[in-house]
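[1] my questions concern the predicted model and sequence given below.
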2 protein chains.
Amino acid sequence: MEIDYSHIKVIGFDADDTLWVNETYFRDAELEFAKLLSAFETANKIDQELFKMEMKNLPVYGYGIKGFVLSMVEMAIELSNNTVSNKTISKILDIGKDMINKDVELLEGVEDVLQQLSKKYRLIVATKGDLLDQERKLEKSGLLDYFHHIEVLSDKKEANYSKLLNHLDIKPSEFLMIGNSLKSDILPLINIKAHAIHVPFHTTWLHEQVEVNHDKSKQYQTIKSLLELPKLLN
Amino acid sequence: MEIDYSHIKVIGFDADDTLWVNETYFRDAELEFAKLLSAFETANKIDQELFKMEMKNLPVYGYGIKGFVLSMVEMAIELSNNTVSNKTISKILDIGKDMINKDVELLEGVEDVLQQLSKKYRLIVATKGDLLDQERKLEKSGLLDYFHHIEVLSDKKEANYSKLLNHLDIKPSEFLMIGNSLKSDILPLINIKAHAIHVPFHTTWLHEQVEVNHDKSKQYQTIKSLLELPKLLN
């Protein structure tokens, strides 16, 4: 497949599961949550119900850890028919605080690649989630200096990206987005005629999973690791 | 007092309690919370303890309704020595959802003033809190079209404002901030040699209360309503 990247001026990076590990921590939290409630239901059922609760609450709470914790508390009360103990609810709150306070674990080659690309391109972060969480992770990551601009979006749909490009004062053809989520980082960009490169992470949140038809899939490239990026762009 | 506003290019508006009512809803929520826990403690004690809990959790949760709700749940468990009922915790979660879903109630004259000022100045919103909450409120407010840029900051200290001015590509002397909080909207701006005008709201969160010495207080003006703003700038 031949895609011409020669007009690219700005490269946008998704953060969670593109620059550093994230989804893994949510999966771990879900396992812990299922263990805490194992007296009431099977792990499988708890998992399914928690996902439904998160989807119900997404329009209210948005993305991020705090909304996830509030959904776990609500789910624990519902699943236990109002009998879950205060101690268990405290443990759920602790799961959330531990997630927020976790160290940042960079993915393979991230710093090398950013260093190389920052010489030729303006790099930005375009992420969704909680503003404070994301700023804190960037701070901890030691990567802040490579980025010209940090944009925390409340969602990653076509309109959000169009607004971002407007704000950056560049044309869609001059923007390349790199990320692990087809739904959030790749397809919206293709739809507004910008560029995108997919770097899958081994775990994807159910909410981010999509089917991609053959025509669309010809419009972006997929790589296994960020380390392949510099060669692809040269 | 004579302050020269003739170099101002950009005016930044705080949002909560400057453009619309906010703090009142937190006070109402605290009253409701104290009522829910009245079997355990006096309203006064509950209020004090909840504030301490919010301060303890602020570095973890940041500003906004979701962190406030998580602190209320933690406080209810602690205050009741692990005996608060699931029903009460559910009601605490509902308080939070009601706050998030509340209509936006604009303060006196806001739309008029923005309309006038937008002809002569670039207007932006500079607010802290939850990104999704603030975007949603702006959307509901009908004010979005008056603003050139919306900046949701994780905090409002000197460094946050300096970064913002850098990003806007203007000098401190060209920026005027309007807000109700001396601590967050006024003093940091005075300290970086930008301008600020104080519009007090009848209720101020304890965390935002500060003493101002006489020298500082001579460096900004205070008005009773946004309606006084256009005359002051002419």
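    Received the coordinates, thanks. Fair warning: this is a prediction, and the values are worked out from it, not measured in the lab.

[2] and the closest residue to residue A:29 other than its chain neighbours, what helix or strand is that in?
    Closest residue to residue A:29 apart from its sequence neighbours, by C-beta to C-beta, 6 or more residues apart in numbering or on different chains: residue A:95 at 5.1 Å. Just so you know, the C-beta spots here come from the backbone N, C-alpha and C atoms, and that holds for glycine as well. If you go by DSSP states H and E, residue A:95 is part of helix A:86-101.

[3] by contact count, what packs against that helix?
    Helix A:86-101 sits against helix A:23-36, helix A:65-79, helix B:43-61, helix B:65-79, with contacts defined as 3 or more C-beta pairs under 8 Å, 6 or more residues apart in numbering or on different chains; DSSP states H and E.

[4] cutoff 6 Å now
    Packed against helix A:86-101, as judged by 3 or more C-beta pairs under 6 Å, 6 or more residues apart in numbering or on different chains; DSSP states H and E, are the following elements: helix A:23-36, helix A:65-79, helix B:65-79.

[5] give the other helices and strands that the helix-or-strand element of chain A with minimal mean pLDDT contacts.
    The helix or strand of chain A with the lowest confidence, counting by mean pLDDT, DSSP states H and E, is helix A:214-217 at a mean of 76. Here helix A:214-217 touches no other helix or strand, going by 3+ C-beta pairs under 6 Å, 6+ apart.

[6] for that helix, buried residues please.
    residue A:217 (16 or more other C-beta atoms under 10 Å in any protein chain shown).

[7] send the alpha carbons of it over as CSV?
    Extracted in CSV, the C-alpha atoms of helix A:214-217 (Å, rounded to 0.1, in the frame of the first residue of the first chain):
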residue,chain,number,x,y,z
HIS,A,214,-12.4,-3.3,3.3
ASP,A,215,-12.5,0.2,1.6
LYS,A,216,-11.8,2.0,4.8
SER,A,217,-9.0,-0.4,5.8
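
[8] quick check: next helix or strand after that helix?
    strand A:221-222.

[9] which residues does that next one contact?
    A:197-198 (C-beta atoms under 6 Å, 6 or more residues apart in numbering or on different chains).

[10] how about residues contacting the helix or strand following it?
    Per DSSP H and E, the first helix or strand lying C-terminal to strand A:221-222 is helix A:229-233. With contacts defined as C-beta under 6 Å, 6+ apart, helix A:229-233 is touched by A:5, A:113, A:116.

[11] can I assume residue A:123 sits in a strand?
    Yes: assessed with DSSP: H, G, I helix; E, B strand; the rest coil, residue A:123 lies in a strand.

[12] could you count how many residues lie near it?
    19 (other C-beta atoms under 10 Å in any protein chain shown).

[13] check the gap between it and residue A:204 for me.
    24 Å (C-beta to C-beta, to the nearest Å).

[14] residue A:20 too?
    Taken as C-beta to C-beta, the span from residue A:20 to residue A:204 is 16 Å.

[15] so for the two, which sits in the more crowded spot?
    Neighbours of residue A:20 and residue A:204, each counted by other C-beta under 10 Å, are more numerous for residue A:20; the result is 19 against 16.

[16] selecting buried members of the contacts of helix A:229-233 in ChimeraX, what would you type?
    Here is the ChimeraX selection string for the buried members of those, based on 16+ other C-beta under 10 Å:
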select /A:113
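
[17] domains of chain A?
    A:10-20+A:104-233, A:23-101 (automatic domain parsing).

[18] can you redo the contacts of helix A:229-233 as JSON lines with distance to residue B:51?
    Below are the contacts of helix A:229-233 laid out as JSON lines (distance: C-beta to C-beta, whole Å):
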{"residue": "A:5", "distance to residue B:51": "53"}
{"residue": "A:113", "distance to residue B:51": "46"}
{"residue": "A:116", "distance to residue B:51": "49"}
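
[19] just send the contacts of helix A:229-233 back as TSV, with distance to chain B too.
    Shown next, in TSV, are the contacts of helix A:229-233 (distance: C-beta to the nearest C-beta, whole Å):
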residue	distance to chain B
A:5	27
A:113	25
A:116	25
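
[20] interface residues of chain A facing chain B?
    Proximity of chain A to chain B, by C-beta under 6 Å from any C-beta of the partner chain, involves residues A:60, A:62, A:66, A:74, A:77, A:82, A:86, A:90, A:93, A:97, A:100, A:131-132, A:135, A:152, A:154.

[21] helices - which of the contacts of helix A:229-233 land there?
    Counting by DSSP state H, the part of the contacts of helix A:229-233 found in helices is A:113, A:116.

[22] so which of the helices and strands packed on helix A:86-101 is nearest residue B:195?
    helix B:65-79 (30.7 Å; C-beta to C-beta).

[23] list the helices and strands that closest one packs on?
    Using 3+ C-beta pairs under 6 Å, 6+ apart: helix B:65-79 touches helix A:86-101, helix B:43-61, helix B:86-101.

[24] can you tell me the average pLDDT over the last one?
    So the one you mean is helix B:86-101. Averaging pLDDT along helix B:86-101 yields 97.

[25] also the second one?
    Per-residue pLDDT values across helix B:43-61 average out to 96.

[26] chain center to that helix, what's the gap?
    With C-alpha atoms, centre = their mean, to the nearest Å as the basis, helix B:43-61 stands 18 Å off its chain's centre.

[27] now it against helix B:65-79, angle please.
    Going by axes from the mean of the first three to the mean of the last three C-alpha atoms, to 10 degrees, helix B:43-61 is angled at 130 degrees with respect to helix B:65-79.

[28] same deal with the first one?
    The directions of helix A:86-101 and helix B:65-79 differ by 140 degrees, with the same axes, to 10 degrees as the criterion.

[29] export helix A:86-101 as CSV, just CAs?
    The C-alpha coordinates for helix A:86-101 follow below in CSV (Å, rounded to 0.1, in the frame of the first residue of the first chain):
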residue,chain,number,x,y,z
ASN,A,86,-19.3,-0.5,53.7
LYS,A,87,-15.9,-2.3,53.7
THR,A,88,-16.3,-3.5,50.2
ILE,A,89,-17.4,0.0,49.0
SER,A,90,-14.3,1.4,50.7
LYS,A,91,-12.2,-1.2,48.8
ILE,A,92,-13.8,-0.1,45.5
LEU,A,93,-12.8,3.5,46.3
ASP,A,94,-9.3,2.3,47.0
ILE,A,95,-9.1,0.5,43.6
GLY,A,96,-9.8,3.9,42.0
LYS,A,97,-7.2,5.8,44.0
ASP,A,98,-4.6,3.2,43.3
MET,A,99,-5.3,3.5,39.5
ILE,A,100,-5.0,7.3,39.7
ASN,A,101,-1.7,7.0,41.6
